[in-house]
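Colleague: Pasted the sequence and its predicted model underneath.
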Amino acid sequence: MTTLNKRLVEAPYPVVGLTGGIAAGKTYASKRLKVLGWEIINADQVAREVVEPGTPGLAALVQAFGAGILGEAGTLDREKMAGLVFSDPANRERVEAILHPLIETRLSDKLRALPADVKGVVLDAALWVERGQAHIFDALWVVDAPEEIRLKRLMERDGLDTARAMDRIYAQSAGAEKLLHADQVFHNDGRDLDESLHRAEENLLAHWKTARSRKWRPPMAAPFDPAQLRAVLEALLGRGGDYGEIFVEHRRACGLGMDDGRMEDVAAGETFGVGLRLMDGETTRFADLIAPTAEELLDAAHTLAAPGAGVAAEIPELVPQLLPKPSPIEREPTAVPLPEKVDLVRRAEYIARRRAEALRPGALRQVAVGYGDSTQSVWIASAERVDGAWSATLTEDRRIQSVLRVNVTAGAGDLLQTGYQALGQTRGFELFHSQEVERTVHEAVRLAIQALDAQPAPAGTFPVILSSSAGGTMIHEACGHGLEADLALAGVSAFSGKLGQKVAADSVTIIDDGTLPHKRGSSACDDEGRAAQRVVLIENGVLKSYLQSRKTARRMGVEPTGNGRRENYRHIPIPRMRNTFLAPGQEDPQAILKDLDRGLLVKHMGGGQVDTVTGNFVFQVTEGYWVEGGVVRHPVRNATLTGCGPTVLKEITRIGRDLDHFDIGTCGKDGQGVPVSDALPTILCPALVVGGTAEPFPSVI
Ligand SMILES: CC(C)(COP(=O)(O)OP(=O)(O)OC[C@H]1O[C@@H](n2cnc3c(N)ncnc32)[C@H](O)[C@@H]1O)[C@@H](O)C(=O)NCCC(=O)NCCS
Ligand SMILES: Nc1ncnc2c1ncn2[C@@H]1O[C@H](COP(=O)(O)OP(=O)(O)OP(=O)(O)O)[C@@H](O)[C@H]1O
């Protein structure tokens, strides 16, 4: 557990993370909050303190960049440093690697020094999202302002020219990504901030204790105590090996399926099992046990250890790791009576029928609604030898998934069309108390009915706009798998051996983030006990990192990225995606459409086929429109898109600033399914092969 996390858990007052794009108005908002009685700790200020003359921070910077970064009095020449940092991402990374740990320690010290009776604390930093720490606070508040306003403020405040001001703006994540993490957004575009700040303050003061306990509370009592787990690790590593792991899983799940008003499936289940893993160099030994006793676990550990010929390890006491949960839960599905779940399904079916009747009487042919929840508690005890010394940890997590799926079939004469929508998050039953249910059902109905009037799609090679509502299936399937380290190591990925190389257009950044609140691929840790992270896979077109499990990270000689996931205790973890997305760009999505002379606008994608080795794909378009002269002409039916993921990444010419819709799914790989989500902003692909049945248009490419 980091010192900052520890400090946050213990703080007897609420702690807010405040962030926002450069010059959005964080300092301005902080000043208003200070008037309301909050303590403000500013990371930029702390960043200055850790490089004062005589500090180890300044010495480390000089060692890395030379004495040329010093001004006359031996102080840091900030302008020179800014020139280095904001013009070259490699320099920025080096500076951050030196300063961020120092900044974090000092922030913790400042928190510790505060009296217990302060009203609350605001930690103001531009980079909470980039650092993957947006989810550690009692609340994350984001100050947002349009880029034009920020640019103007920045140039006025700091006397920068346009180019230097833009360099600073682009050194940070785009606004739409920050908003995904926000508990509260303050729109600082000229309107009065005081009233919304005051409301946010009132709300937080009333609820911060509950918020904190949901974020940090360990799951239900562990089935084995730490001493038992340590004894099993000792047995496992009793004859050599350099990594031992116990994965204890308890899961309860419920599923309902209704077809045309008949409740056809009702299923509930409970599993309890343990996976034991021993790694010795390149060798892995694994066993899984259903509902074992402590003695049975010990026996299995001895059996796994038996082939070894090394010496016994002395396992230290397990150090508990408490990690913040990105998806605090309000209402556990296991505590919801079955009739309430049945009512939800009935309600969804009723809404679908009523909506279809209102839109097009008599068109509805079938409604199928599925409900599912899963409550998985895991305890991961592991011991590892690093540089000859053993360390052992115990990590706990509780992942709760809820999902509602709606499938609508509409017909006109012989023509049948379907509409599908799913509402699924890492969230409790409260997910279904929102208007989201109605929105989801309405959308499924709209898709089915609208498709009845669609015209056959043209065939040819056209520019295609994938709108943000289309979800990120293409990014996940045709690019994301190639970024998984096991495929890269096996040489079966288009990205194999390309670390540090240009693999995509300059404006392309791809991120996999397991800390996104309530997204389907989020959890506190992976299935090897590593904290979930925000992993930048491709940054400005350059391949930065693969998704790593412990095993692949060892082979590549890098740190694991928190992506070692498994379907359940019967499987060995492998590198998997979580919530994968193409980072938003700067463009207005409407402007991208306006400039499309002739092509396809895709608003929803359906299933498809992908070769994850080459990234070649064929996807169905479930909602698409033919566009001419920048104007949407008519919906098209039965279109398919054919292309190659890595080629699309190189060819993308325009990227919108919107990023709001995450598609959900269960990603299958090596026989294991894990929950994931994916997204993209509106993008323009200049040439995709559109398959359709209409008279072919002459291709415009
Ligand atoms: C490069 C430095 C010397 C420039 O100093 P200068 O006085 O000109 O700017 P200042 O520190 O006031 O920062 C201005 C704004 O730039 C942005 N910024 C600063 N560092 C970074 C960074 N590493 N990445 C992206 N944006 C940054 C922030 O929005 C910040 O508020 C300074 O920003 C620095 O030391 N940065 C590295 C440390 C860091 O990451 N600080 C941010 C802590 S959240
Ligand atoms: N609502 C507002 N009304 C008037 N001026 C504002 C408002 N919000 C911000 N400003 C001005 O805009 C400039 C940028 O705001 P501020 O310094 O608060 O941004 P910031 O988010 O803290 O920036 P940085 O990322 O550089 O730390 C400042 O000069 C500030 O006074």
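Modeller: Structure received. Ligands and ions are numbered 1, 2, ... in the order given.

Colleague: which bits of the chain sit near ligand 2?
Modeller: 20, 22-28, 44, 126, 153, 157, 188, 193 (C-beta under 6 Å from any ligand atom). In this view, the C-beta of every residue, glycine as well, is placed from N, C-alpha and C.

Colleague: From these, keep the buried residues only.
Modeller: 20, 22, 23, 24, 25, 26, 27, 28, 126, 153, 188, 193 (16 or more other C-beta atoms under 10 Å).

Colleague: list the contacts for residue 482?
Modeller: 488, 493, 494, 495, 496, 612, 613, 615, 645, 646 (C-beta atoms under 8 Å, 6 or more residues apart in numbering).

Colleague: What is the burial count for the residue lying closest to the third one once chain neighbours are set aside?
Modeller: With sequence-adjacent residues excluded and distances taken as C-beta to C-beta, 6 or more residues apart in numbering, residue 494 is closest to residue 646, at 4.3 Å. Residues within reach of residue 646, counting by other C-beta atoms under 10 Å, total 20.

Colleague: Residue 646 should be in a strand, yeah?
Modeller: No: assessed with DSSP: H, G, I helix; E, B strand; the rest coil, residue 646 is helix; it does not lie in a strand.

Colleague: Thought residue 475 was touching it, still the case?
Modeller: No: Residue 646 lies out of contact with residue 475 (C-beta atoms under 8 Å); the separation is 11.2 Å.

Colleague: hang on, the earlier thing: of the residues of the chain next to ligand 2, list those near ligand 1.
Modeller: Okay, of these touching ligand 1 (C-beta under 6 Å from any ligand atom), that's 22, 44, 126.

Colleague: so how far is the helix or strand of the chain with the lowest mean pLDDT from its chain's centroid?
Modeller: Ranked by mean pLDDT, DSSP states H and E, the weakest helix or strand in the chain is helix 162-170, scoring a mean of 83. How far helix 162-170 lies from its chain's middle: 27 Å, per C-alpha atoms, centre = their mean, to the nearest Å.

Colleague: Return the alpha-carbon coordinates of that helix using CSV.
Modeller: Provided in CSV are the C-alpha atoms of helix 162-170 (Å, rounded to 0.1, in the frame of the first residue of the first chain):
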residue,chain,number,x,y,z
THR,A,162,0.0,29.6,-29.1
ALA,A,163,2.5,26.8,-29.9
ARG,A,164,3.9,26.6,-26.4
ALA,A,165,0.5,26.8,-24.8
MET,A,166,-0.7,23.9,-27.1
ASP,A,167,2.4,21.8,-26.2
ARG,A,168,1.3,22.0,-22.5
ILE,A,169,-2.3,21.2,-23.3
TYR,A,170,-1.3,18.1,-25.3
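
Colleague: Say whether ligand 1 is contacted by it.
Modeller: Yes: using C-beta under 6 Å from any ligand atom, we find that helix 162-170 touches ligand 1 at residue 168.

Colleague: What residues of that helix count as buried?
Modeller: 164, 165, 166, 167, 168, 169, 170.

Colleague: do stretch 404-415 as well
Modeller: Under the neighbour-count rule (16+ other C-beta under 10 Å), stretch 404-415 has 404, 405, 406, 407, 408, 409, 410, 411 buried.

Colleague: Any idea how many residues pack against residue 6?
Modeller: Residue 6: 13 neighbours (other C-beta under 10 Å).

Colleague: Over to residue 79?
Modeller: 8.

Colleague: Same question for the one 10 residues further on.
Modeller: For residue 89, the tally of surrounding residues (other C-beta under 10 Å) stands at 15.

Colleague: can you give me phi and psi for it?
Modeller: phi -60, psi -30 (degrees, to the nearest 10).

Colleague: who's in contact with it?
Modeller: 171, 539, 540.

Colleague: By pLDDT, give me the weakest of those residues.
Modeller: Least confident of these in the model: residue 171, at 74.

Colleague: what's near enough to touch it?
Modeller: 22, 85, 86, 89, 92.

Colleague: what do you get if the cut-off is 6 Å, keeping everything else the same?
Modeller: residue 86 (C-beta atoms under 6 Å, 6 or more residues apart in numbering).

Colleague: Distance of it relative to residue 540?
Modeller: Using C-beta to C-beta, to the nearest Å, residue 171 is found at 11 Å from residue 540.

Colleague: For the residue in the stretch 401-550 of the chain that ligand 2 sits nearest to, give me the backbone phi and psi.
Modeller: Nearest residue of the stretch 401-550 of the chain to ligand 2 (C-beta to the nearest ligand atom) works out as residue 534 at 19.2 Å. For residue 534, the backbone dihedrals are phi -100, psi 110 (criterion: degrees, to the nearest 10).

Colleague: Can you get me a residue count around the spatially closest residue to it that is not a sequence neighbour?
Modeller: Among residues not flanking residue 534 along the chain, residue 132 sits closest, at 3.8 Å (C-beta to C-beta, 6+ apart). Look at residue 132: counted by other C-beta under 10 Å, it has 21 neighbours.

Colleague: Next, count neighbours for the residue of the stretch 451-600 of the chain found nearest ligand 2.
Modeller: Residue of the stretch 451-600 of the chain nearest ligand 2, by C-beta to the nearest ligand atom: residue 586 (17.3 Å). By other C-beta under 10 Å, the residues close to residue 586 number 16.
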